[in-house]
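Student: got a structure for you, letters missing:
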């Protein structure tokens, strides 16, 4: 048992922490997310240069052979700065699918482009009526002579406006909600028949509704085995859950620190509000909530390579516990900030909004509590 | 809409309040519940004399024509003094069954004896494996030429050691858990084949395990229609729920007042602990929990004579809300009393224990939340 | 004790319902975020009610009140909540109006009450200041007497919808040497068109503009705009706050909210079945309904107390706490119900070209996140819920 | 970072498990309420461990500690929890022992440590006083120097299991004029058989006797029983409290408790199916398991910190709060699981004639209510959870 980080990991953390501090200050971030583009490709280039985009991949394909712990460190720092660039969709999700199930040719084609920052991905899995069930798909991929034809509507595809490519889940067989018959494809976003409606999200990112209208993709767009992708999707989304939990921990850490600082400065009735015992104890409970969230994030991260059931239990435990901490800390941080907490000007509200949407990503608390029960 | 009490109701309250104050002081109560008998028949006689035992019954049978509100007032005062005498089993339950479904002859036989205090009842409905489902019965009543033969085991029959008679639920037909086939009987406790194992309960009352071993009862032991008693049981137990909720409100009121008083006297770090904001706010939340419990008890009580669905929804709402308040107030009252809160000597622990068992009676919070859902 | 309505009360409900059905402006529909409303939208129903004589039900009849019993007022708010009506804003009707008819002079009553009743004059509240928050009494805005005028200087904040306001009521310090911060404060009416009044909207975390910062720089106000006595403004402010709290439970509106939540959850699916059939979700809705029922009866008991002659007392703090907790949980559950469609930013989606060929989620999801964010304010404003607990602790529990 | 055990650690687990299986006294079984245990029962395992040299694992090796790593100690407590072992009581092993070897003189070490290790000497703690509670420093018991003796007068309370104690460690005021209440306190060892020591059991709300009131009336104690310096007792007391808290999370024991809860819920029925298959109940068990997993990792992180040289710090307050919350929720859920059979009073049922022809509920229900009642103490003792929050607020958050 060991809870220490390696020297390399400490260096990655320090480097990213500096990057976020220097290039991601609050005003610059605000301008970027309010800009036409909504993100900064130059940050993406920086991340490529620092090797962050290539970290989880093997050295053979040009990566750095990092693991789950490294991703956790990256995401925690991103969470502290509310970084919007699509690391999870591109590196964790698309990268994950390719790593676990991509053919030699597919890796060759995509991984180096991910690592050098030239290709950006979004993960189109959610559907309007599917809620958090990855198998509850109305999107179909019908085999034809040249490959597959995709039809369907993917909802709230995070980062899609910035993406050159999409990872798409679709049904190649079986009935809606069957575990069998689910497949995963990599699709060029400029393919004919893809219509996107782009918009901002409440937590400062961009997303699209993506409509597939008879979109033809070649046979080698399929990742892994046809119709057998559900376990793969579960593996990759558990990895995304661990990553987002780490991001949430970073955001919670900052939200708590900001609140603490605010409570020491802000005076009411002649004393700093941090002197009121009720607020003191609440900030203690926030601190405890943060610490337990970190513990569960460690657990989920460490167990990613364990057996399937252990991995799922840990991921769901984290999504439940970190989700509950995120809601509690977000709400109380705003409450303790009083009126300022509900303004756009104060950063705290933005941390709250990001934590709110985090709760929903890849299944909310209820969903994962049920999943945990089913794994008892 | 009217939230006032009548003058008669105020008089009943005052009378009972005096009785509890004068005859139910803490030391006297303690001696009584620790005595061989565990209750005081002389208190029962007093209640008969004051007309309390006859209150809900019509004037024709010697009662006073009172209603649900009157019962609520009585139970609230009983709750304040943690009165152990079996008003609910005898007057609310047995009395309720007779009132709603008893034949002329059955009323004649039992009601006047209830009103004058000479006959005491216990309600034997729970079973070891039935949890809170009144239809989940393993106890059977088989029809024979002279009447019925009862077999089965009734669990935790409150007040049975003091009772001369039992109201017993049993299956006369259908399968375990069927809504049809449930019947109710009144049985003399001295009947051949009834074996009881008596014991104390953690909240200072007495109860028995009651075993029926080929107990023959006459045909007129049946109350109401054979096999159709479930709606009747639901009506009567909703009345019992309203009564126990009122009792819990009385107990919570005292528990809160004791805690408030304690917090004003008890000093730590040189000041009364009631000066600590965290405890102040907790006592505010206890107060709010009490007030909302009172509101839901009013609702359940007033709706007892409404349509079936409305009555059930209100009763379940109350059992959920009052149950949650009871747990919160009980636990926090003990916590604020510190070490003294967990001693047998301080009264607060006994209020806590009564409130704990109340939570379970006639279905706990989970059970009634589910019932509420089913009635949406 | 009973919860029944008398035949007269039933008849009243019929009358009210018919009037609403006939007269409530159709174009307002079932509004989501208030910030979508124009000034005219806000006032439309108010003006109609003004003409009918129903705009200020709670006022004494001599000033235009309807003389309704608390039960009738309860029916009134229930019926309005049924259509999620845009009610007259509280700043005139529930706040400055009662202060004026209780503490103002005849001239002030004659001048200001009609405009409040009719909905022609829009009022805003100048209480909070930056750095003051719940500690209202520490306010720094001064009003210095100069001949027949007060000269007001200072900064107010959280002035709700002041961007539309004709008049404002302001707490100003008229005696800076007073022994206690609560003393030396005056309650002054200010024409918002006066030179030196500057209103700047504050963007909120939901992206909307609902509150403002208001600067007063050498604003000259005639002394006849002082309400009551100089330096006694704190008394009127407290009076007003108790009035503000009493409507804050929002029971009728939350009941409508639960209905809407049930509709949403009936439309959303989970494992192929309606979300409302999911036990986890249904249980949370039931719990909310139970808590709301408890709040409703508690409010009715308080109203009954008022009917029996007691004014709104510290009990209203309970209503504020529980009412806002329920409102917030309602928005939490709605957010949970819409799933992934919580994420789209309404202002970004709504400002599109209007074509609806590729919609972004179902209509009911459009405001879910923004409403959730917006409603965080309810446990902060009107005296934060922590302050309400302090009030109960002191005034009811005697701690 | 990893959660794996090394092969050496795995081997250690095997060794420990085998030793426990072979040597743990069978007659102790899976004890419910501790109050059923006799003095001999309490000491049985302690004495066996003493002989094996495993009774005081955390002590420095020179005093008999095992030199185990924190991970080994973690394995040790997990393995003991598997059989729900009656562990050596903390008063000697975790409390006075560390104080004696850290601050005591050689004579004291030689005299007292062997008896603690072997389990022959039973210690009790004389800290709390009536009227003091969490405000420990306000204690009033005095020790007045009289030649070679202290003469102690005062009253202690909550002295756990003092009815069996041979020795006690007491905080006494030796300087009544000290500037602060924390000053002028001394840490004194008292032979409980000394004249003037009177122990009176306190009946608790679960019906058992676990704590006592202890009177000291002109108790003469040789001055060599003073530990460390006179008037410096507060330092030793704080040192001890931090040690007391560090084991208080009780993770291994709660894990065993969750297993037991699952067994109970598998036996109980709801609507004809095992209770554990009821989504409501299963969800609560899962939530408990998740919180327990979080606590476990948090404790391991704290242990890792200790391994890296940091002593038990204020972080242990988090473990105390979360650990006791989980213990209490576990007993709440067990109470819910047993349904109606929560009501029978164990002492009443158990004192029956022993015939089991007509049993009162399943065996596992016997202690459910009493354990629930008993465990309310955990958020009160060892510094109430409110005090722990004060500590974190001050020591970690700097508020």
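Tutor: Perfect, I can see it now. Keep in mind that this is a model prediction, so the values were computed, not measured.
Student: where do the helices sit along the stretch 51-200 of chain A?
Tutor: With helices called from DSSP state H, counting those that start in this stretch, the stretch 51-200 of chain A shows them at A:68-81, A:87, A:95-101, A:104-115.
Student: Now do the strands in the stretch 1-150 of chain A.
Tutor: Along the stretch 1-150 of chain A, counting by DSSP state E, counting those that start in this stretch, strands occupy A:121-124, A:140-144, A:147-158.
Student: For the shortest one, which strands pair with it and how are they oriented?
Tutor: The sheet places strand A:121-124 alongside strand A:165-171 (parallel), with pairing taken from DSSP bridges.
Student: re the thing from before, I'd like the strands of the stretch 1-150 of chain A as CSV, with mean pLDDT and mean neighbour count appended.
Tutor: All C-beta atoms are positioned from the backbone trio N, CA, C, and that covers glycine. Formatted as CSV, those follow (pLDDT from 0 to 100; neighbours: other C-beta atoms under 10 Å in any protein chain shown):
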stretch, mean pLDDT, mean neighbour count
strand A:121-124, 98, 30
strand A:140-144, 97, 17
strand A:147-158, 98, 22
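Student: residues contacting residue C:187?
Tutor: Remark: with contacts taken as C-beta atoms under 8 Å, 6 or more residues apart in numbering or on different chains, residue C:187 is in contact with C:99, C:103, C:169-171, C:226-228, C:232-233, C:236-237.
Student: oh sorry, the question was meant for residue A:33
Tutor: A:39, A:84, A:200, A:204-205.
Student: Where helices are concerned, which of the contacts of residue C:187 count?
Tutor: With helices taken from DSSP state H, the overlap with these comprises C:99, C:103, C:233, C:236-237.
Student: worst-scoring helix or strand of chain A, pLDDT-wise?
Tutor: Using mean pLDDT, DSSP states H and E, strand A:267-268 stands out as the lowest-scoring helix or strand of chain A, at a mean of 90.
Student: Centre of the chain to that one, how far?
Tutor: Relative to the centre of its chain, strand A:267-268 is centred 38 Å away, using C-alpha atoms, centre = their mean, to the nearest Å.
Student: partner strands of that strand, parallel or antiparallel?
Tutor: strand A:271-272 (antiparallel).
Student: what about the strand it pairs with, average pLDDT?
Tutor: Rounded to a whole number, the mean pLDDT of strand A:271-272 is 95.
Student: and what of stretch C:379-394?
Tutor: Per-residue scores along stretch C:379-394 average to 93.
Student: can you name the farthest residue from the center of chain A?
Tutor: With distances taken from the mean C-alpha point of chain A and given as C-alpha atoms, centre = their mean, the most distant residue is residue A:270, at 43.1 Å.
Student: mind listing what the residue in the stretch 201-350 of chain A positioned nearest to chain C touches?
Tutor: In the stretch 201-350 of chain A, the residue that lies nearest chain C is residue A:349 (3.5 Å; C-beta to the nearest C-beta). With contacts taken as C-beta under 8 Å, 6+ apart, residue A:349 has the following neighbours: A:334, A:341-343, C:205, C:373.
Student: next helix or strand past the helix or strand containing it?
Tutor: Under the assignment given by DSSP states H and E, the secondary-structure element containing residue A:349 is helix A:347-360. Toward the C-terminal end, the helix or strand that comes next after helix A:347-360 (DSSP H and E) is helix A:365-374.
Student: Report whether stretch A:317-326 contacts chain C.
Tutor: No. Judged by C-beta under 8 Å from any C-beta of the partner chain, stretch A:317-326 makes no contact with chain C; its nearest approach is 10.9 Å.
Student: From the chain's centroid, how far away is that stretch?
Tutor: On C-alpha atoms, centre = their mean, the centre of stretch A:317-326 falls 14 Å from the chain's centre.
Student: Excluding sequence neighbours, find me the nearest residue to the closest residue to chain D within the stretch 151-300 of chain A.
Tutor: Evaluated by C-beta to the nearest C-beta, the stretch 151-300 of chain A has residue A:295 as its residue closest to chain D, separated by 3.5 Å. Once flanking residues are discounted, residue A:295 sits nearest to residue D:297: 3.5 Å by C-beta to C-beta, 6 or more residues apart in numbering or on different chains.
Student: Now residue 332, what are its backbone angles?
Tutor: Unless you meant another one, I'm taking chain A. Residue A:332 has phi and psi values of phi -70, psi -30 when expressed as degrees, to the nearest 10.
Student: what's the neighbour count on the residue nearest to residue C:148 when sequence neighbours are not counted?
Tutor: Using C-beta to C-beta, 6+ apart and skipping the chain neighbours, the partner closest in space to residue C:148 is residue C:223 (5.5 Å). A total of 14 residues lie near residue C:223 under the criterion other C-beta atoms under 10 Å in any protein chain shown.
Student: I'd like the distance between residue C:223 and residue C:214.
Tutor: Using C-beta to C-beta, to the nearest Å, residue C:223 is found at 21 Å from residue C:214.
Student: coming back round to it: in which helix or strand would I find the residue nearest to residue A:295?
Tutor: Secondary structure from DSSP H and E places residue D:297 in helix D:279-307.
Student: buried sites along that helix?
Tutor: Neighbour-count burial for helix D:279-307, counted by 16 or more other C-beta atoms under 10 Å in any protein chain shown, picks out D:280-307.
Student: The helix or strand harbouring residue C:374 packs against which elements?
Tutor: According to DSSP H and E, residue C:374 maps onto helix C:368-374. The helices and strands touching helix C:368-374, judged by 3 or more C-beta pairs under 8 Å, 6 or more residues apart in numbering or on different chains; DSSP states H and E, are helix A:347-360, helix C:315-338.
Student: Could you dump the ones you listed into CSV with mean pLDDT added?
Tutor: Output for those, formatted as CSV (pLDDT from 0 to 100):
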stretch, mean pLDDT
helix A:347-360, 97
helix C:315-338, 95
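Student: how about those helices in a markdown table, adding distance to residue A:74?
Tutor: As requested, those are arranged in a markdown table below (distance: least, C-beta to C-beta, whole Å):
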| stretch | distance to residue A:74 |
| --- | --- |
| helix A:347-360 | 16 |
| helix C:315-338 | 28 |
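Student: In three-state terms, label the residue in the stretch 51-200 of chain C that chain B sits nearest to for me.
Tutor: Closest approach between the stretch 51-200 of chain C and chain B, counting by C-beta to the nearest C-beta: residue C:71, at 4.9 Å. Classification of residue C:71 into helix, strand or coil gives helix, according to DSSP: H, G, I helix; E, B strand; the rest coil.
Student: Now do the same contact list for it.
Tutor: B:1, C:5, C:9, C:303, C:307.
Student: so does stretch A:367-376 get close to chain C?
Tutor: Yes. With C-beta under 8 Å from any C-beta as the measure, stretch A:367-376 is seen reaching chain C through A:369-370.
Student: is that stretch anywhere near chain D?
Tutor: Yes. Taking C-beta under 8 Å from any C-beta as the criterion, stretch A:367-376 and chain D are in contact, through A:369-370, A:372-373, A:376.
Student: Highest neighbour count among these?
Tutor: residue A:369 (26 neighbours).
Student: Lowest-confidence entry in the contacts of residue A:349?
Tutor: When it comes to pLDDT, residue C:205 is the least confident member of the contacts of residue A:349, at 93.
Student: which residues does the residue of chain C found nearest chain D contact?
Tutor: In chain C, the residue that lies nearest chain D is residue C:279 (5.4 Å; C-beta to the nearest C-beta). Contact analysis of residue C:279 by C-beta under 8 Å, 6+ apart lists B:370, B:373, D:279-280.
Student: one more time with 10 Å
Tutor: By C-beta atoms under 10 Å, 6 or more residues apart in numbering or on different chains, the contact list for residue C:279 reads A:370, B:369-370, B:373, D:278-280, D:283.
Student: tell me the mean pLDDT over stretch A:72-80?
Tutor: The average pLDDT for stretch A:72-80 rounds to 98.
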